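**Student:** generate coordinates for the sequence data below:
(one chain, ligands or ions: 1)
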Amino acid sequence: MITRRDLLKTGAALFAGGAVSAAFRPATAAEKASAATRPPLPAPAGVSYAPVVTLNGWTLPWKMEGGVKVFHLVAEPVKREFAPGMIVNCWGYNGSTPGPTIECVEGDRVRILVTNKLPEHTSIHWHGIFLPNGMDGVGGLTQPQIQPGETYVYEFTLRQNGTFMYHPHADEMVQMALGMMGMFIVHPRTPEHPKIDRDYCFILHNFAVHAGTATPDPSVMTDFNMWAFNSRVFPGIDPLVARTGDRVRIRIANLSMHEHPIHIHGTAFEVTGTDAGWIAPSARYKETTLLVPVGNIRVGEFVADAPGDWALHCHKSHHTMNAMGHEVPNMIGVKHDDIARRIRKLVPGYMAMGETGMAEHAAHTAMGHMKLPENTLPMMTGEGPFGPIEMGGMFTVVKVRDAQPPGDYTDPGWYEHPKGTVAWKLEGDIPVPVRQDFKPTPEEDTDQQARSG
Ligand SMILES: [Cu+2]
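**Tutor:** Below you'll find the model as predicted:
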C-alpha cells in the first residue's frame, strides 16, 4: 500500500517541476520491488481528472516528444508475489504482471515502443481502441510477429475516452496464461459530471499453479486454482480506500477464462461503462453484483456514503479460495472417527477432516498443524479484527472512512465500529424458532444411510 511519505514525494515533484515532469518521478527501489499499490501519476497541466489508481500496480510514465506522448513497454519474464508466501514465475511487462497502466487523455497522439525480451515472439493488441488497422497488433494478420530482441513502434491518435486493455495477440494461450496484460485508460478532455473522486482499475485473471510449483501451467483450460485481481490473491490484495461522500469508480477488466460476478457490500454499483466506452445516463442501471464477461470490461460507480470495511469479491465461492484439491471425496456428514483411528495406526499423524465442513481444515493450516506444499497458499486464510476471514483469491475490502484525506490512498486499518452497531451473541434463553418439520421416509433417506453405513 502507498505510504504517506510516497504521496508527499509525489507532491514535492509536482511543485518542483510542474505537472508534466511529475510523470517522470522515478519509482523508488522499494516501490519497484513491491507489489503494493503505487501512487497515481497526477493529471498533466491543462486537464482535470482523478488519476487512475491501479490496484497492486502502477502507471507507466511517458515522455513528450514533438507533441506525441511516448511510452515504452518491455515484454519480459517477471516474478510476481501473489500474496506473502507465494512467488510465481510469470510473463508481463516492465517488471510486473499486469504491466503498468497506460493513462492518456482523449485526443492524445501516442507512440508506444514495445520491446520483446521474451524467449519467443509476441505482439500487442490494444483491446477496444479504434485505430488504423496496421496498429491493431494481431501477429501475422496486421503485422509481423515481434521477434525476441526486436522493438516495434505503434502510433495512433486516441479518438475515444473510456477503459481499454492491452495484451498479446501471439501464442495467446501461453502468454496470457502467464500473466501478460495491462490496462489502457483514456480520460475525457473536458471534466466529468458528476466529478469522480477516486478511480480504481484492476484485471481479473486466473492461473493454474499446481501445489508445490511456481510456474503457471498454460495447458489448463478451465480448472484453475488461483483467482486474481491484478495478479494478486487474498490476503495479498490491497484495500480500495475512500472518504465518506466520495464518488468512487471501479474499472474491472476480465482476461481470465471465466466470467466473474463481482459483488460489493454496503452499496450498489451504477453500471456506467464497458470496453466500448460509457453507457448513456438514461440506460445506466444499478446492481450489487457486476458480472464481468471474458474479454470485457465493466465500470461500476457508487457514492461511498457508509463508513466501514465492506467486502468486494467474486461471488463464485470457489473463486474466493486459494489452492485446493479439486477431486477429493465429499466427506460432509460422514462419521469417520473410527476409521481415522485405524488409519493412524498405519500412518501416524493422519487427520480426518471435512465431515463438518472445511473451516476446521483452515484452522489446522493456520495453526501450522498441517504443512502445505512449498510456495502454496492456504485454501482459506486471512485474519480480521474478529477472527479468521476464511477467504482467498478474488477478495478484498473497500474501506470507507470519514477522516480519509482527499487523495490519500493509505490503508486506514480496521474499521472501528460505533458502540452498539456490531452483531452480538445472545446469552441466556434462546427463543424457540419456527422451523419446517421434515421427517424423511426411509426410502428418501437412502443417501444418508449410504454415508453412515
Ligand atoms: Cu470469479
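**Student:** from here on, contacts and neighbour counts on C-alpha atoms
**Tutor:** Noted.
**Student:** and the helix or strand hosting Pro77, how far from the chain's centre?
**Tutor:** Following DSSP states H and E, the helix or strand that holds Pro77 is strand 68-83. For strand 68-83, the separation from the chain centroid amounts to 17 Å (computed by Cα atoms, centre = their mean, to the nearest Å).
**Student:** looking only at pLDDT, what's the mean for that strand?
**Tutor:** Predicted confidence along strand 68-83 averages 97 (mean pLDDT).
**Student:** then stretch 136-145?
**Tutor:** With pLDDT averaged residue by residue, stretch 136-145 scores 98.
**Student:** now it: buried residues?
**Tutor:** Asp136, Gly137, Val138, Gly139, Gln145 (16 or more other Cα atoms under 10 Å).
**Student:** now Phe202. Its backbone dihedrals?
**Tutor:** When read as degrees, to the nearest 10, the backbone of Phe202 gives phi -160, psi 160.
**Student:** returning to that earlier point: which two in the buried residues of stretch 136-145 are spaced the farthest apart?
**Tutor:** When the buried residues of stretch 136-145 are compared pair by pair using Cα to Cα, the two farthest from each other are Asp136 and Gln145, 12.2 Å apart.
**Student:** tell me how many other residues surround the residue in the chain positioned nearest to the ion.
**Tutor:** In the chain, the residue that lies nearest the ion is His260 (3.8 Å; Cα to the ion). Using other Cα atoms under 10 Å, His260 is surrounded by 23 other residues.
**Student:** contact residues of the stretch 151-300 of the chain facing the ion?
**Tutor:** When proximity is defined as Cα under 5 Å from the ion, the stretch 151-300 of the chain approaches the ion at His260.
**Student:** got the residue ranges for the helices in the stretch 151-300 of the chain?
**Tutor:** Along the stretch 151-300 of the chain, the segments classed as helices by DSSP state H, counting those that start in this stretch run 172-177.
**Student:** same check on the stretch 1-150 of the chain?
**Tutor:** So, for the stretch 1-150 of the chain - with DSSP H, counting those that start in this stretch - the helices run 4-22, 29-33.
**Student:** weakest of those in terms of mean pLDDT?
**Tutor:** Mean pLDDT is lowest for helix 4-22 out of the helices of the stretch 1-150 of the chain, coming in at a mean of 38.
**Student:** so who does the nearest residue to Pro168 once chain neighbours are set aside touch?
**Tutor:** Excluding the flanking residues, the one nearest Pro168 by Cα to Cα, 6 or more residues apart in numbering is Ile124, at 4.3 Å. Applying Cα atoms under 8 Å, 6 or more residues apart in numbering to Ile124 gives the contacts Val114, Asp136, Gly137, Val138, Gly139, Tyr166, His167, Pro168, His169, Ala170.
**Student:** so who does the fifth one touch?
**Tutor:** It stands for Gly139. By Cα under 8 Å, 6+ apart, the contact list for Gly139 reads Thr122, Ser123, Ile124, Gln145, Ile146, His169, Ala170.
**Student:** do the same with the last one
**Tutor:** With contact taken as Cα under 8 Å, 6+ apart, Ala170 is in contact with His121, Thr122, Ser123, Ile124, Val138, Gly139, Gln145.
**Student:** what distance do you get for the residue of the chain closest to the ion to Ile252?
**Tutor:** When distances are taken as Cα to Cα, to the nearest Å, His260 and Ile252 turn out to be 10 Å apart.
**Student:** list the residues that contact both of these two?
**Tutor:** When Cα under 8 Å, 6+ apart defines a contact, the residues bordering His260 and Ile252 alike are Leu204, Val292.
**Student:** and the residue nearest to Val209 when sequence neighbours are not counted, how many neighbours does it have?
**Tutor:** Once its chain neighbours are removed from consideration, Val209 has its nearest residue in Pro216; the separation is 4.5 Å (Cα to Cα, 6+ apart). The number of residues packed around Pro216, counting by other Cα under 10 Å, is 23.
**Student:** circling back: now, which of the contacts of Ala170 sits nearest Pro40?
**Tutor:** Ile124 (23.9 Å).
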